[in-house]
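Trainee: Have a look at this prediction, sequence included:
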Amino acid sequence: MTKPSVQHGTFVIERELAQAPVRVFAAWATPEAKAAWFAGPAGKWQELERRMDFRIGGSERLRGGFEGGRESDFQAHYHDIVHNRRIVYSYSMYIDGRRISVSLATVEFRRSGDGTHLVLTEQGAFLDGHDDAGSREKGTRVLMEALAKSLEN
């Protein structure tokens, strides 16, 4: 059994996107658009459950299985939404039913010429040595790349 511990970490990812804030916001707010980029690694992960109730007080869940049987489970709660400007949510990540982190994330959508300057700030509590801020930031950067590609279509 792992000794109980917590590691705190904060990271910020900024990204310039060619699309207007209304389009980038919709990629986070619309279940179909979010499903196009918010998922585990293609070919290595299979979606098992996806729910999204995008409103203040609403929740989101994305559960999936990896090759070899490990299961990931993202469970989020929306605290603040300002359409086309900002989303604030907290979420817990689970692996095989064990909570590995709890985070607060803020996504800001700022007009930049004809496009969007996206700023994602995450503050996390990484539990019992199962995850850390560096790993989470790396995974989030992969998701931001998938977001950018989904917006090109």
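Mentor: Nice, I can see it. Numbering: from 1, shown residues only.
Trainee: make it CA atoms for all contacts and neighbour counts henceforth
Mentor: Will do.
Trainee: which residues of this protein fall in helices?
Mentor: Across the chain, reading from the start of the chain, the helices by DSSP state H fall at 21-29, 31-35, 133-152.
Trainee: what's the closest non-adjacent residue to Y91?
Mentor: In this structure, Y91 finds its nearest non-sequential neighbour in A76, 4.0 Å apart by CA to CA, 6 or more residues apart in numbering.
Trainee: same question but for A133, I mixed them up
Mentor: In space, not counting the residues next to it along the chain, A133 is nearest to G9; the distance is 5.1 Å by CA to CA, 6+ apart.
Trainee: Report how far apart the opening and closing residues of stretch 30-38 are.
Mentor: Distance across stretch 30-38, first residue to last, is 11 Å (CA to CA, to the nearest Å).
Trainee: any idea how far that stretch is from the chain center?
Mentor: The gap between where stretch 30-38 is centred and where its chain is centred comes out at 11 Å by CA atoms, centre = their mean, to the nearest Å.
Trainee: Same check on stretch 141-153?
Mentor: The answer for stretch 141-153 is 12 Å, by CA atoms, centre = their mean.
Trainee: Same check on stretch 115-127?
Mentor: Centre-to-centre, stretch 115-127 and its host chain are 9 Å apart (CA atoms, centre = their mean).
Trainee: Identify the bridge partners of the nearest residue to Y78 once chain neighbours are set aside.
Mentor: Sequence neighbours aside, Y89 is the residue nearest to Y78 in space, at 4.4 Å (criterion: CA to CA, 6+ apart). Beta-bridge pairing for Y89 (DSSP bridges): Y78, A105.
Trainee: from what I can see Y89 touches L120, true?
Mentor: No - in this structure Y89 lies outside contact range of L120 using CA atoms under 8 Å: 11.3 Å.
Trainee: So which residues of the protein form strands?
Mentor: Counting by DSSP state E, the chain has strands at residues 6-17, 45-52, 59-66, 71-82, 86-95, 98-112, 115-127.
Trainee: so which of the ones you listed gets nearest E152?
Mentor: Set against E152 and scored by CA to CA, these come closest in strand 6-17, at 9.6 Å.
Trainee: what's that closest one packed up against?
Mentor: Secondary structure elements in contact with strand 6-17, counted by 3 or more CA pairs under 8 Å, 6 or more residues apart in numbering; DSSP states H and E, are strand 115-127, helix 133-152.
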